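Participant: sequence and predicted structure are below.
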Amino acid sequence: MDIIISNASGEPIYNQIVSQIKTMILEGKLKEGDALPSMRNLAMQLRISVITTKRAYEELERDGFIESYTGKGSFVKAQNQELYREEQLKIIESLLTDASDKAHKCGVSLQEMQEILEIVYGGD
């Protein structure tokens, strides 16, 4: 599993792990039942604390992306389509919020934004 940690990003390391694993699951690179590296092995691979990987795995489990079994490890959980859709909507909302903020700063009207969205989305 390729996880890239950036010390310069300002984002906590456990969040970087969580977001990258979520992305792998949502994109289908990790499938239901796939085993994740043990917390200890992932910590060694990334040269970080086991506490950090434990926190990341706990958050992934809390969010319903993985399930962990004592003595067996952590595995990708069957994805509820509604959970997947909600996660994608959160990402889209965040991106649109950023675009809206930039549009306001540049004086782009709502009508212009709607036209841009229609073009980008594939409308006429």
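Facilitator: That came through fine. Residues are numbered from 1 along each chain as shown.

Participant: now the helix or strand of the chain with the lowest mean pLDDT, how far from the chain's geometric center?
Facilitator: One helix or strand of the chain scores below all others by mean pLDDT, DSSP states H and E: helix 81-106, with a mean of 88. Offset of helix 81-106 from its chain centre (CA atoms, centre = their mean, to the nearest Å): 13 Å.

Participant: could you list the buried residues of that helix?
Facilitator: Across helix 81-106, burial judged by 16 or more other CB atoms under 10 Å covers E87, A103. In short, each C-beta sits where N, CA and C put it, glycine included.

Participant: which strands and helices sit next to it?
Facilitator: The contact analysis (3 or more CB pairs under 8 Å, 6 or more residues apart in numbering; DSSP states H and E) places helix 81-106 against helix 13-26, helix 110-121.

Participant: okay if I get the ones you listed as TSV plus mean pLDDT?
Facilitator: Putting the helices and strands packed on helix 81-106 into TSV (pLDDT from 0 to 100) gives the following:
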stretch	mean pLDDT
helix 13-26	93
helix 110-121	92
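
Participant: kindly calculate the angle that the least confident helix or strand of the chain makes with helix 110-121.
Facilitator: Following axes from the mean of the first three to the mean of the last three CA atoms, to 10 degrees, one obtains 130 degrees for the angle between helix 81-106 and helix 110-121.
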